[in-house]
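In: got a predicted structure here, sequence first:
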Amino acid sequence: MHQENVQLTRKVAVGFVIPLGPANLVAIKTDVGMIGCGAFDVAALDSFSYPAAKVRPSIGPSIVDTDDLLKGIVKEANRSAMGRGIKNGMTGRAALELL
């Protein structure tokens, strides 16, 4: 597993990349919520009132690292995340700034 700090406008988030053979599990979390690759079940996280958004790659077949996640496009956000202003179609970075 690789862990790195991700600088946001008002805070620092923590990014994680977990190699799973042919794919990586990639997420970035703040003190409030998280964005992640397509492997995350953001609806399940909503049952804990945890804001989360699933991000698709802006180019290429999959999210490989935290840079891909930041440049990617939100394709699903749970109710808790939508309550913070996250919408489908925004970038991963823009969504993360709202968390």
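Out: Nice, I can see it. Since we're looking at a predicted model, the values are computed, not measured.
In: return the list of helices and strands in contact with the strand ranked longest in the chain.
Out: Counting residues, the longest strand found in the chain (DSSP state E) is strand 12-20. If contacts are counted by 3 or more C-beta pairs under 8 Å, 6 or more residues apart in numbering; DSSP states H and E, strand 12-20 sits against strand 2-7, strand 23-29, helix 66-71. Every residue, glycine included, has its C-beta placed from N, CA and C.
In: centre of the chain to the longest one, how far?
Out: For strand 23-29, the distance from its own C-alpha centre to the chain's C-alpha centre is 8 Å (C-alpha atoms, centre = their mean, to the nearest Å).
In: for stretch 26-35, measure first residue to last.
Out: Distance across stretch 26-35, first residue to last, is 9 Å (C-alpha to C-alpha, to the nearest Å).
In: cool, stretch 70-88 as well?
Out: One end of stretch 70-88 sits 14 Å from the other (C-alpha to C-alpha).
In: okay, buried residues for it please.
Out: Using 16 or more other C-beta atoms under 10 Å as the test for burial, stretch 70-88 gives 70, 72, 74, 76-78, 80-81, 86.
In: show me the residue at the heart of this structure, geometrically.
Out: Central residue of the chain (C-alpha atoms, centre = their mean): residue 35, 1.6 Å from the mean position.
In: report the separation between it and residue 21.
Out: Per C-beta to C-beta, to the nearest Å, residue 35 is found 23 Å from residue 21.
In: so what's the nearest residue to residue 11 once chain neighbours are set aside up against?
Out: Of all residues not flanking residue 11 in the chain, residue 30 sits nearest, at 6.4 Å (C-beta to C-beta, 6 or more residues apart in numbering). Each residue near residue 30 by C-beta atoms under 8 Å, 6 or more residues apart in numbering is listed here: 8, 11, 13, 96, 99.
In: residue at max distance from the center of this structure?
Out: Outermost in the chain, C-alpha atoms, centre = their mean: residue 21 at 20.4 Å.
In: how close does that residue get to residue 93?
Out: Per C-beta to C-beta, residue 21 is found 28 Å from residue 93.
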